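Asks: the following block contains a protein sequence and its predicted model.
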Amino acid sequence: LFAAPWEFQTSVTDMAKLPPINANEIAFAGRSNVGKSSLINALTGRKGLARTSSTPGRTQMLNFFVSDGTPVSIVDMPGYGYAQAPKDLVDAWTELVFSYLRGRPSLRRVFLLIDSRHGIKKNDLETMALLDKAAVVYQVVLTKSDKIKPPALKKLIAETKAQLLKRVAAYPEIIATSSEKNLGVDELKAEIARISTL
Ligand code: GDP
């Protein structure tokens, strides 16, 4: 599944420009700085494939990545939760993301990235509400798990699971990862491989 090299396909800022559907899609979402680019790079084995846009004013885009012969595309959704983000930008994010979530029948799952040090924050809950409303299945992936001790990670996983059970479209299994230490990356790949055949 991950044999062929991953390539950047396209970036879109509006729904009219989405690439034609030719594969199942999985998407990655999370607060800015959660470690989304690092995880996509670890997953695809290509450093620099996904890049961070740490400046909040930057155009918000959905980035599509494809791999020859792989029956799944990876979609990098714009980060959210910038401290200084003006309301216009937040509204534009919500508009783009929600129309994509609602209007893309090939979207199989959203991996919602949560920083192991911070747990679920208010804007993560807002994103979950959007996903619930769009009825898109989402799965929490904890990032930077190397940053906390194993007992704390265990506790975080249990608490996060309890929160997810109360939600509509959440998938109750959590994957803990560290791009830095290459932990959980194979587990995530295996999950994606399963999804790609759905
Ligand atoms: P993005 O904004 O969500 O795309 O986040 P990045 O992937 O750019 O990562 C944000 C910061 O977190 C960078 O300084 C990364 O080096 C760091 N980071 C990302 N993944 C990990 C990880 O697994 N472990 C640790 N310790 N740091 C990480």
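Replies: Structure received.
Asks: can we go C-alpha only for contacts and neighbour counts from here?
Replies: Fine.
Asks: surely Y80 meets N33?
Replies: No - counting by C-alpha atoms under 8 Å, Y80 sits too far from N33 to count as a contact (9.2 Å).
Asks: quick one, which of those two is more surrounded?
Replies: Y80 (22 against 16; other C-alpha atoms under 10 Å).
Asks: return the residues in contact with the more buried one.
Replies: Y80 sits next to 30-32, 90, 93, 123 when contact means C-alpha atoms under 8 Å, 6 or more residues apart in numbering.
Asks: which residues does the residue most central in space within the chain contact?
Replies: With distances taken as C-alpha atoms, centre = their mean, the chain has F28 as the residue nearest its mean C-alpha position (1.6 Å). Shown in contact with F28 (C-alpha under 8 Å, 6+ apart): 36, 74-77, 110-113.
Asks: in the sheet, who's paired with it?
Replies: D76, F111 (DSSP bridges).
Asks: pLDDT at it, what is it?
Replies: Looking at F28, its pLDDT reads 98.
Asks: now it: how far from the ligand?
Replies: Separation of F28 from the ligand (C-alpha to the nearest ligand atom, to the nearest Å): 10 Å.
Asks: how near is that residue to I148?
Replies: According to C-alpha to C-alpha, to the nearest Å, F28 stands 22 Å off from I148.
Asks: T197 too?
Replies: 34 Å.
Asks: go on, H118?
Replies: 10 Å.
Asks: which residues does R108 contact?
Replies: Counting by C-alpha under 8 Å, 6+ apart, R108 has contacts 24-26, 136-137, 195, 198.
Asks: and it, helix, strand or coil?
Replies: strand (DSSP: H, G, I helix; E, B strand; the rest coil).
Asks: so which of the contacts of R108 comes closest to the ligand?
Replies: Lowest distance from the ligand to the contacts of R108 (C-alpha to the nearest ligand atom) belongs to I26, with 16.3 Å.
Asks: quick one: that closest one is in a helix?
Replies: No - judged by three-state DSSP, I26 forms no part of a helix; its state is strand.
Asks: hmm, it is touching R104, no?
Replies: No - I26 lies out of contact with R104 (C-alpha under 8 Å); the separation is 10.8 Å.
Asks: the two: who's more crowded?
Replies: Legend: neighbour count by other C-alpha under 10 Å for I26 and R104, higher for I26 (21 against 15).
Asks: what residues sit buried inside stretch 104-118?
Replies: 107-117 (16 or more other C-alpha atoms under 10 Å).
Asks: can you lay out those as JSON lines showing pLDDT and distance to the ligand?
Replies: Listed next are the buried residues of stretch 104-118 as JSON lines, based on pLDDT from 0 to 100; distance: C-alpha to the nearest ligand atom, whole Å:
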{"residue": "L107", "pLDDT": "97", "distance to the ligand": "21"}
{"residue": "R108", "pLDDT": "96", "distance to the ligand": "21"}
{"residue": "R109", "pLDDT": "98", "distance to the ligand": "18"}
{"residue": "V110", "pLDDT": "98", "distance to the ligand": "15"}
{"residue": "F111", "pLDDT": "98", "distance to the ligand": "12"}
{"residue": "L112", "pLDDT": "98", "distance to the ligand": "11"}
{"residue": "L113", "pLDDT": "98", "distance to the ligand": "8"}
{"residue": "I114", "pLDDT": "98", "distance to the ligand": "10"}
{"residue": "D115", "pLDDT": "98", "distance to the ligand": "9"}
{"residue": "S116", "pLDDT": "98", "distance to the ligand": "9"}
{"residue": "R117", "pLDDT": "98", "distance to the ligand": "10"}
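Asks: I am finished for the moment; much appreciated.
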